[in-house]
Structures are given as C-alpha cells and as structure tokens.
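Peer 1: next one to model:
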Amino acid sequence: MDLRIPRCLTRPEVAVFPTVTQVLDLEVLRRGNPRVVAGASGLDAPVRWVHISELADIAGMLHGGELVLTTGVMLPADKESLARYIGDLADVGAAGLVVELGRRYADELPRPLVRAAERRGLPLIALRTEVRFVAVTEAVHEHVVNAQLTELRASESVHQIFNELSVEGAEPAEIVREVARLAGAPVVLENLTHQVLAFDPAGGDPQALLDGWERRSRGVAPSARTGHDERTGWLVTAVGARGRDWGRLVIVGEPSTVPPARLTVVLERGAATLALNRLLERDLESLERQTHRTLLSGVLTHALTVSEVALRARALGVPLEGRRLVGVMLRLRGGPASAALEAEARLRDFTETAALAARERGLTALIGGLDDGGVGMLVSLGPSDEEHAALEGFAAALDRLVEPGSTAPAFLMAAGSSVGSLRDARRTLLEAAQVADAALHSRTRKAGTYYRLPDVRLRGLLHLLRDDARLQTYVERELGPLLAYDAENGTDLVGILGVYLASGRNKSAAADAAHMSRPSFYDRLHRVERILGTDLDQVESCLSLHVALLALEAVRR
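Peer 2: Model (predicted):
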C-alpha cells in the first residue's frame, strides 16, 4: 500500500534555529551591551551555529548560518582586505559578525568594515563590554537543542493524534477539524477540480473562507507534492493512496508568511490519515451480512479470486457458478441521516430488509452494504428464472417492507446487464452502481420499478463519475485554461461557450440567448478559441468541450 508517507515523517528535519535578533536578546550577550552598527536588514537570519575565530580567512571553514565571534586582533588593517573579509562571510551565508571592542578596536569599528557589512546586508554587532565567548556558544547551542527537542515532542504528539484517528476510522470532516485545531488556521479538503469536500474555518467566517474558492485555489499550484505559496500564504499537499491522488489538503495561512516546519508535519500527517481512512470503510453488520459484503467487495476490488468467491458463496448457500448473474444497487431516498450513527443504523436495517425481501421471493443473492447509502446485490438466476420478473417481484416485496402503504418509493433500484460467468460479475455490479448514481441525478423520469443503463442519459452518467480523478483530469485538460482565464480576469467565457454549444453551434441563436450583440458574442467566441487553442467549427472539438462542460456541472453540483 503506497500512502506516500511524507519525508518529514520518515526522517525528521526540524531545523529550528534562533534568529540573530533572538541571539542578541540572550542574557549572556545582553551583558556585553551589543549594538548593531550595520546590516540590520539581516537580523531575521537564522543562527545555525556560533563559531569563535580570530582568523581573517575563516570563511573557508564555514557552511552557512554561523554567527562569528571575534575580537578582531588578527583582522587586516587596509580597507580592501576588510571589505573582502566581509564579502567572504556574506558569500558563504554567515548569519552575522560579532566583534568585541577593547582589544583591537577601542571605541568603534573601522568605517570600511561597517560600510562593507551594510552594503552586503550582513549584521555587524559591536560588543562594548567584554563577555566570555564560550558562554555565548553554550547559550546559543542550548537554545537550538531545546527548540529542536520541543519540536520533536510536538511532532510525536501530532503523530499520536493522527494514529488514533486512523485506528478509529475517523470521518474526513473530523480529520480536517483536527488539522485546523493543530494548525490554528482554516483548513480545506478539495478534490482535483478544486471543489470543497470538507472544511473547518478555525473559528473564522466560513463564507469568507469559501467565497470564490475554486478561482482562488486554481491560482495556487505548488511545484512539489507539498508546497507553500508565498503570495497567498497557503500550505498545500496532495491527498491520495496507492499512487492515485484524489484531492488536496490546504492550510489557509496569511500572505507573505512562511509557515513553521511543524505545520508541514501536521498537514502531511492529516493527508496521510485521510488517504488511509478512505481505504478502510467500515460499518456494523450482522455476521451474515458482513460475509456477504466481504464477498461483494472481493469481487469489486479483486481482493478475492474467482474460485475463492465461488467457494465461499456456495458455503453460504448462494451458488454462483453456471448461473446467470445480475448486479443490483439499492439506494435509499430522502437524503442522508442527521448523524453518522443514525446513518449506519439506517443502512444496516435497510440491508437486512433487502435480505428479507429476497428470501420472501425465493431470490438467491449476495446482499451487503457497499457504501454509506447503498446496498449491493449479486443476484444468481437459474435456467428457469425469468430475469425481469425476478427483479420486479423483488422490488415490489422490498417496497412493501420498507414503506408499507406509501405511494412514493423509499428507495431507488438499478440493475446491470446480466452476465454468464462469475469472472464478469464485477462488470454487472459496477454497471448497477453507476446506473443507480446516475439515476439519482438524471433529468429522465422512469415509469418502471428499477433502472437500467438505457434509462439514464449523459448528464446522469457524468454525475456518477464526478469523483473519478480521470474525469476531473479530463475537465481540467479541456477547460482548465479557460477556467483559469475567467478566474484571473473576472470574465465568463465558460458561460459563453456553454450557451454556444447549447444552441447547437448556431452563433446567431446563441448571441440572442446570451442577450448580446452578435459582434460582441463572436468576439468572445474567438477569444475562447485562442485560449483553448481549438477550432469551434470542428464538430469533434465541440463535442469534447460539451462533454467537459456537462462533467464540470456534475462536479460542481
């Protein structure tokens, strides 16, 4: 299983270093009456180490981030050499130079040294009172070690929190809420087309957080799997498992603010937990239903071989070999339950009711809950069983058991095409699930008791695929440049394209439908062509764009 565990979880890199300003604020240095004489712009530079040296060619021994302490007794006297000394320190990335007065320089530092440090932005500090340099190194190094230890402890606490969430099978909303609490900032989980799946405003205004989210999010595209966008302040990481990303997790920070290292740990650990828990859906079922569900899942995920499924199903009294198999998906109507436990209980009861209806009709089938609101069935029909009559009879029995006396169906039923081999069972199950999801959002009404593939049209079909990363990638490939252009310029060229295609590529009719003059409308169409690099007079191009627009509508719904 590839959960893309982030590198910060496999080898902690908690480089927590004090700045030059923080070092100067230490008691041991305050006793030296420090005065910044040049390079104040570099006081925020991190101090990785403190190095004591009187050598004029010390730069070759440094690695960057060192604060150099010296009395200056061996520094050159001429201004060119002093400037070169400062230049070498700046080139190697030294954090600053601290010079103790009294031995080489009585009251002030040489002007060439000061000018060179100011020119290179290298902090130059004069100590007007003698201090023990070794005490300075001990204090700074103790500060670094303590800060790193604190960061490691905080990191360990973060790992423990998310480990518990993984074990408990926490919902995405709960994981996002925990990331927001640890980060102290709003957090958003989005899919690949920048639609919000879950969010937590961290006590802020949800409306302000989500307003124009898609447009804002499209402008943030880190080059790495995890990245920080300085312009917006967002810290972003990809979410996915088994090598397939399906979304992004975002900590919404302040613009031009660099996040601390611990936030990266929190964000990536939260993303790993989301990916893991998406693979580990659980519910509470009877032992029989659990076994049926395991077999159905085994068929769908290829976790079980055909022979294993056939053997275990036969032991359950559901023969699958040498039979005609029909996949069925049942979905409850009426919207989701108000609480997670209530939803689980509702689905569990519905699954048991479906099993009861099947027994009443003498229908042989594997029956188990497959997701939060659906029950899957693999119906096994004998040579003398008539498929339509069997499904109609089951639907009538289930309707009577679920809502006695009700005139409106309490559930939606969809069936896949029958197959003659267990090896093809996955295909009929997937088709049934797709038809059921499509039927929920199709604009086509069905007079019968259950849906089949011919009953749903393109809109419904695209809706059921809306969470598929491949469809989202297709939408981005076809419409991404146009969506980005609209987001950046405040235009609605996507809408113009939609009106044109909905009008059967009749430009005059489309201009009238858009309530625009024809020249203005034509001009916008030409702009669409330039941005997308396509020819709207080509039927195939327009067909591809029309499908992408319908898919975008499904994703945004």
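Peer 1: the residue located most distally from the centre of the chain and Glu100, how far apart?
Peer 2: Distance from the centre of the chain peaks at Ala106, with 60.2 Å (CA atoms, centre = their mean). Remark: distance between Ala106 and Glu100 (CB to CB, to the nearest Å) = 12 Å. (Each C-beta comes from the backbone N, C-alpha and C, glycine too.)
Peer 1: next SSE downstream of the longest helix along the chain?
Peer 2: Ranked by number of residues, the top helix in the chain under DSSP state H is helix 133-168. Next helix or strand after helix 133-168 toward the C-terminus (DSSP states H and E): helix 172-183.
Peer 1: let me see the mean pLDDT of that next one.
Peer 2: In this model, helix 172-183 has a mean pLDDT of 90.
Peer 1: that helix to helix 133-168, inter-axis angle?
Peer 2: Here the directions of helix 172-183 and helix 133-168 differ by 170 degrees (axes from the mean of the first three to the mean of the last three CA atoms, to 10 degrees).
Peer 1: pull helix 172-183 out as PDB, backbone CA atoms only.
Peer 2: C-alpha atoms of helix 172-183 as PDB (Å, rounded to 0.1, in the frame of the first residue of the first chain):
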ATOM      1  CA  PRO A 172     -12.900  13.300   6.700                       C
ATOM      2  CA  ALA A 173     -14.600  16.200   8.500                       C
ATOM      3  CA  GLU A 174     -13.200  15.100  11.800                       C
ATOM      4  CA  ILE A 175      -9.700  14.800  10.400                       C
ATOM      5  CA  VAL A 176      -9.900  18.200   8.800                       C
ATOM      6  CA  ARG A 177     -11.200  19.600  12.100                       C
ATOM      7  CA  GLU A 178      -8.200  18.200  13.900                       C
ATOM      8  CA  VAL A 179      -5.800  19.600  11.400                       C
ATOM      9  CA  ALA A 180      -7.400  23.000  11.800                       C
ATOM     10  CA  ARG A 181      -7.100  22.800  15.600                       C
ATOM     11  CA  LEU A 182      -3.400  21.900  15.500                       C
ATOM     12  CA  ALA A 183      -2.600  24.500  12.800                       C
END
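Peer 1: center of the chain - which residue?
Peer 2: Arg248 (1.7 Å).
Peer 1: helix, strand or coil for that one?
Peer 2: Three-state call for Arg248 (DSSP: H, G, I helix; E, B strand; the rest coil): strand.
Peer 1: and what of Val236?
Peer 2: Relying on three-state DSSP, one would call Val236 strand.
Peer 1: surely it is in contact with Arg248?
Peer 2: Yes: counting by CB atoms under 8 Å, Arg248 is a contact partner of Val236 at 5.6 Å.
Peer 1: any idea of the mean pLDDT for the helix or strand hosting Asp91?
Peer 2: Using DSSP H and E, Asp91 sits in helix 79-92. Taken as a whole, helix 79-92 has a mean pLDDT of 92.
Peer 1: on contacts alone, who are the packing partners of that helix?
Peer 2: helix 111-120 (3 or more CB pairs under 8 Å, 6 or more residues apart in numbering; DSSP states H and E).
Peer 1: buried residues in the helix it packs on?
Peer 2: If you call a residue buried by 16 or more other CB atoms under 10 Å, then helix 111-120 has these buried ones: 112-114, 116-118, 120.
Peer 1: cool, and stretch 519-534?
Peer 2: 521, 524-525, 528, 531-532, 534.
Peer 1: export those to TSV and tack on secondary structure, distance to Ala410 and pLDDT?
Peer 2: Formatted as TSV, the buried residues of stretch 519-534 follow (DSSP: H, G, I helix; E, B strand; the rest coil; distance: CB to CB, whole Å; pLDDT from 0 to 100):
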residue	secondary structure	distance to Ala410	pLDDT
Phe521	helix	47	91
Arg524	helix	47	93
Leu525	helix	47	92
Val528	helix	45	92
Ile531	helix	48	93
Leu532	helix	45	92
Thr534	coil	46	91
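Peer 1: farthest pair within those?
Peer 2: Phe521 and Thr534 (17.5 Å; CB to CB).
Peer 1: okay, buried residues for the helix holding Asp91 please.
Peer 2: Buried residues in helix 79-92 (16+ other CB under 10 Å): 82-90, 92.
Peer 1: list the helices and strands the following helix or strand past that helix packs on?
Peer 2: Next helix or strand after helix 79-92 toward the C-terminus (DSSP H and E): strand 96-100. Of the remaining helices and strands, those touching strand 96-100 by 3+ CB pairs under 8 Å, 6+ apart are strand 66-70, strand 124-127.
Peer 1: where does the residue farthest from the centre of the chain land in three-state SS?
Peer 2: coil.
Peer 1: and it, how far is that from Phe133?
Peer 2: 19 Å.
Peer 1: please apply the same query to Val220.
Peer 2: From Val220 to Phe133 the distance is 46 Å (CB to CB).
Peer 1: then Gly416?
Peer 2: 79 Å.
Peer 1: which one of those two has more residues nearby?
Peer 2: Between Gly416 and Phe133, counting by other CB atoms under 10 Å, Gly416 is the more crowded of the two (27 against 20).
Peer 1: residues touching that one, list them.
Peer 2: 326-328, 427-432, 435, 452-453 (CB atoms under 8 Å, 6 or more residues apart in numbering).
Peer 1: among these, pick out the one closest to Leu300, please.
Peer 2: Leu429 (5.9 Å).
Peer 1: so the closest one touches Gly376, yeah?
Peer 2: Yes: using CB under 8 Å, Leu429 makes contact with Gly376 at a distance of 6.2 Å.
Peer 1: overlap of the contact sets of these two?
Peer 2: 296, 327, 329.
Peer 1: tell me the SS of the first one?
Peer 2: Three-state secondary structure (criterion: three-state DSSP) places Leu296 in helix.
Peer 1: domain parsing for the protein?
Peer 2: Per automatic domain parsing, the structural domains of the chain span 32-130, 153-279, 287-461, 469-556.
Peer 1: Thr137: which of these is closest?
Peer 2: Of the domains of the chain, nearest to Thr137 by CB to CB is domain 32-130, at 4.4 Å.
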